[in-house]
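Visitor: structure for the following, please:
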Amino acid sequence: MRIVILGSGRGSNAAAILEAQQAGRLGRARVAAIFADKPDAGILALGPRFGVRSEFVDPAPFKTKLEGEGEARFIAAVNSAQPDLVVLAGFMRVIKPGFLNAFVGKIINLHPSLLPSFPGLDGIGQAFRRGVRITGCTVHYVTPEVDGGPILDQASVRIEPGDTLESLAAKVHAAEHALLPAVIARLSERD
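Guide: So this is what the prediction gives:
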């Protein structure tokens, strides 16, 4: 299974995937490429570190969504890697129908809450401010509805009385780093 990872930030979830691959815990999946929508995104440094192609793809003209010329550039870049699975790992853009239709049933996302609770931006902060006792993370298929696609798996994280937003974020990120590679490994073993 060939995987393409899309990200916007430091790439901790992409690193977890690549480390799982290096340790033999990614099933039959292999990362073929990493693409970022920001030229200075930390995720791009993972390519040389793990021997994987990594490139900036210009997402213009829009700042928060993938549409128009930017969408066309991303479709071409992802297609060039011939993916069986596209993993959104901290990719901070709304995916539109053109991209979805180019990779039907092949796009998954990692979200930092137990969906359907707290979709959209700042899932960890939303849960913390709401005062729930359990939150977590979700891996789901991407559909036109933001964070509304079919759920593949979830991991729960207990919010303890002494937790701060920072300590909760660290616990959720640790859960993400275990969950996402495990889901990819399971998907790679399907016939």
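Visitor: helix or strand for residue 25, which one?
Guide: Under the criterion of DSSP states H and E, residue 25 resides outside all helices and strands.
Visitor: that one and residue 80, how far apart?
Guide: To residue 80, residue 25 is 27 Å away according to CB to CB, to the nearest Å. (Each C-beta comes from the backbone N, C-alpha and C, glycine too.)
Visitor: which stretches of this structure have low pLDDT?
Guide: Applying pLDDT under 70 to the chain picks out residues 191.
Visitor: next up, the contacts around the most centrally placed residue in the chain.
Guide: For the chain, residue 89 is the residue whose C-alpha lies nearest the centre (CA atoms, centre = their mean; 2.0 Å). With contact set as CB atoms under 8 Å, 6 or more residues apart in numbering, residue 89 has these partners: 5-7, 11, 13-14, 17, 43, 110, 180.
Visitor: same check, this time on residue 35
Guide: 4-7, 54-57, 74, 77-78.
Visitor: for residue 164, state which of these is nearest.
Guide: When the contacts of residue 35 are compared for distance to residue 164 (CB to CB), residue 7 wins out at 25.7 Å.
Visitor: what's the burial count for that closest one?
Guide: Other residues within reach of residue 7, judged by other CB atoms under 10 Å, total 26.
Visitor: distance of it from residue 92?
Guide: In terms of CB to CB, residue 7 sits 9 Å off from residue 92.
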